[in-house]
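[1] Quick one: sequence and predicted model below, then my questions.
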Amino acid sequence: MSFEFLGLSEGVLGAVADAGYVDPTPIQAAAIPGVLMGRDILGIAQTGTGKTASFTLPMIDILASGRAKARMPRSLILEPTRELAAQVSENFETYGKNHKLTMALLIGGVSFADQDARLERGADVLIATPGRLLDHFERGKLLLSGVEILVVDEADRMLDMGFIPDVERICSLMPQKHQTLFFSATMPPPIKRLTDKFLNEPKVVEVARPATAAETVEQARVTVAVRDKRAALRSLLESENVKNAIIFCNRKKDVDVIHVSLKRHGFEAVALHGDMDQHERMKVLAAFKDGEAKLLVASDVAARGLDIAAVSHVFNFDVPTHAEDYVHRIGRTGRAGRAGRALTIGTPGDAKYIAAIEKLTGQRIEQIPVSGVKSAAASTKDGRKDRKTPAKEKSGAAEGPSRKPKSRGRGESDRGKKTREKTKDKGAREKTRVVGLGDHTPGFLSRPVTRQSKPQGKSGKTAGDKSE
Ligand code: AMP
């Protein structure tokens, strides 16, 4: 099926072709005609399926006729995080380049005054996080009675982040006649209740079973002792064909620790977590998207839904304790049918979490040799004893802790070793630096990466904003 048969206008089709898309993804093929007919949609799909374009493309055509009045947006898109909201606005810019739609972004971390001015000018498309939207509404700066289309995106993430009461309130503020497009990767009971209450005979489009790990992602894991995790990460970064990668940590404070550690070892890394202000976050994302930094160290919430088109690898520096987070994390690679690799660094104590993930995804995560431990041993030539690779590891079935380095109790985190290793690691990396994806260079890699659009105003952090 090609895009031409979905009922989209020439202007939108032109923008889609310029974006380099040839065929619609399954959710686009199934949802777009329904949206254009004015139907409510319940899309059960995870990120990476092309779901954003499944609502932005037809919305552009629906909103093409008509004009927005001051403070009365014609459509409203709710997103759980500022980054997702910013990404959706980029999508509207990309696909709406042949149309003249006005857009406003209401997210935390940017000034109310700038946002207010945008609302005053009128918005065909209003993209917002629920908390900030209600703040404006309660200040009397916004009327929702003109909303023709409401989009609730990543509803299960809204649930995780405690936004469902806000979403429910916003749904109840909608005018009687409007269209709702609702997307969620999973349908837990509170989400089901919401869709039963607010959707009107929706067309249900389910493109992948909830919590199914994307099929295009190759998964593997290593098991090392806690103290060897950083060495394992560095070694994997070197041995894998990494073009760019997101490295997930379970805790915010570890994001900083790993970020600093990687930089100290000569890797081009940036970090993203919820304590950063909006300007910093946008800068970090732009550096990563533009390829200035190949590695992005992130927490789950900060990285949720990030749309970075060509991530070759996802590393789980920690095994996620919630199996569903694993699915979301690995969904950052292998997006929209592209190949990707997800590598998880586990410790012997993580066995129960690995088992839960394998149960949820129905897929076994192959255990690969702990080359990280071996590489760490290779860098201790200065008279200290090498760490030996346990026999099990050599056979590729590494289970259990690797041996503690004999000379120093703190292994890789030891300061004295760092400077030496930095030089060494850098040299090794220069030799093995990976510049592509081997013989195969997918077409999307040669497409220019869209720059992160600037937030509306960079001042005005809001302490009360809940979204990360
Ligand atoms: P989403 O699921 O909306 O987060 O989209 C995931 C990725 O797929 C984004 O990087 C899109 O640019 C890309 N994408 C969306 N639609 C298509 C398509 N029809 N063909 C190829 N890539 C697409």
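    Arrived safely, thanks for sending. Everything numeric in this text was worked out from a predicted model, so none of it was measured.

[2] any idea how the chain splits into domains?
    Domain ranges of the chain: 3-206, 217-367, per automatic domain parsing.

[3] In TSV: these, plus mean neighbour count and mean pLDDT.
    Where C-beta positions appear, they are placed from N, C-alpha and C, glycine not excepted. Below are those laid out as TSV (neighbours: other CB atoms under 10 Å; pLDDT from 0 to 100):
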stretch	mean neighbour count	mean pLDDT
domain 3-206	20	94
domain 217-367	20	87
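
[4] Quick one: those domains as JSON lines, columns for distance to the ligand too.
    Output for the domains of the chain, formatted as JSON lines (distance: least, CB to the nearest ligand atom, whole Å):
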{"stretch": "domain 3-206", "distance to the ligand": "3"}
{"stretch": "domain 217-367", "distance to the ligand": "3"}
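
[5] need the strands for the stretch 151-300 of the chain, in chain order.
    179-184, 203-206, 217-223, 245-248, 269-272, 295-298 (DSSP state E, counting those that start in this stretch).

[6] out of these, nearest to residue 285?
    With CB to CB as the criterion, residue 285 lies closest to strand 269-272 of these, at 7.0 Å.

[7] To residue 340, which of the strands of the stretch 151-300 of the chain lies closest?
    Among those, strand 217-223 sits nearest to residue 340 (CB to CB), with 4.8 Å.

[8] That closest one packs against which elements?
    With contacts defined as 3 or more CB pairs under 8 Å, 6 or more residues apart in numbering; DSSP states H and E, the packing partners of strand 217-223 are strand 340-346, strand 366-367.

[9] how does it look with 6 Å?
    strand 340-346 (3 or more CB pairs under 6 Å, 6 or more residues apart in numbering; DSSP states H and E).

[10] Tabulate the strands of the stretch 151-300 of the chain in TSV, adding columns for distance to residue 16.
    Output for the strands of the stretch 151-300 of the chain, formatted as TSV (distance: least, CB to CB, whole Å):
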stretch	distance to residue 16
strand 179-184	18
strand 203-206	19
strand 217-223	25
strand 245-248	27
strand 269-272	29
strand 295-298	28
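
[11] and residue 158, which of those is closest to it?
    strand 179-184 (8.5 Å).

[12] Tell me the strands beside that closest one, with direction?
    If you go by DSSP bridges, strand 179-184 pairs up with strand 41-44 (parallel), strand 149-152 (parallel).

[13] With just CA atoms, put the first one into PDB.
    Below are the C-alpha coordinates for strand 41-44, written out as PDB (Å, rounded to 0.1, in the frame of the first residue of the first chain):
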ATOM      1  CA  ILE A  41      -9.400   6.200  16.900                       C
ATOM      2  CA  LEU A  42      -8.000   3.900  19.600                       C
ATOM      3  CA  GLY A  43      -4.400   3.200  18.500                       C
ATOM      4  CA  ILE A  44      -2.700   0.500  20.500                       C
END
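
[14] And the next helix or strand past whichever helix or strand residue 117 is part of?
    Following DSSP states H and E, the helix or strand that holds residue 117 is helix 112-121. Stepping forward along the backbone from helix 112-121, the first helix or strand reached (DSSP H and E) is strand 125-128.

[15] Point out the other elements, helices or strands, that that next one touches.
    Using 3+ CB pairs under 6 Å, 6+ apart: strand 125-128 touches strand 75-78, helix 82-95, strand 103-106.

[16] would you turn those into TSV with distance to residue 240?
    Formatted as TSV, the helices and strands packed on strand 125-128 follow (distance: least, CB to CB, whole Å):
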stretch	distance to residue 240
strand 75-78	36
helix 82-95	26
strand 103-106	36
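
[17] Under the pLDDT cut-off, which ranges of the stretch 351-468 of the chain? List them.
    Counting by pLDDT under 70, the ranges of the stretch 351-468 of the chain that qualify are 370-468.

[18] Check which helices and strands the helix holding residue 117 sits against.
    Identification of packing neighbours for helix 112-121 by 3+ CB pairs under 6 Å, 6+ apart yields strand 103-106.

[19] Check which helices and strands the strand it packs on is in contact with.
    Checking 3+ CB pairs under 6 Å, 6+ apart, strand 103-106 ends up next to helix 82-95, helix 112-121, strand 125-128.

[20] which residues in the stretch 251-400 of the chain form helices?
    With helices called from DSSP state H, counting those that start in this stretch, the stretch 251-400 of the chain shows them at 252-264, 278-289, 300-303, 323-330, 351-361, 371-378, 391-394.

[21] mind listing what residue 78 touches?
    130, 152 (CB atoms under 6 Å, 6 or more residues apart in numbering).

[22] State the distance from residue 70 to residue 191.
    Residue 70 sits 34 Å away from residue 191, going by CB to CB, to the nearest Å.

[23] Correction: the previous question concerned residue 231.
    Distance check for residue 231 against residue 191: by CB to CB, it reads 41 Å.

[24] can you check residue 72 too?
    28 Å.

[25] before we move on, the earlier item: for residue 141, which of the helices of the stretch 251-400 of the chain is the nearest?
    With respect to residue 141, and counting by CB to CB, the nearest of those is helix 278-289 at 19.6 Å.

[26] relative orientation of that closest one and helix 82-95 in degrees?
    With axes from the mean of the first three to the mean of the last three CA atoms, to 10 degrees defining the directions, helix 278-289 sits at 60 degrees from helix 82-95.
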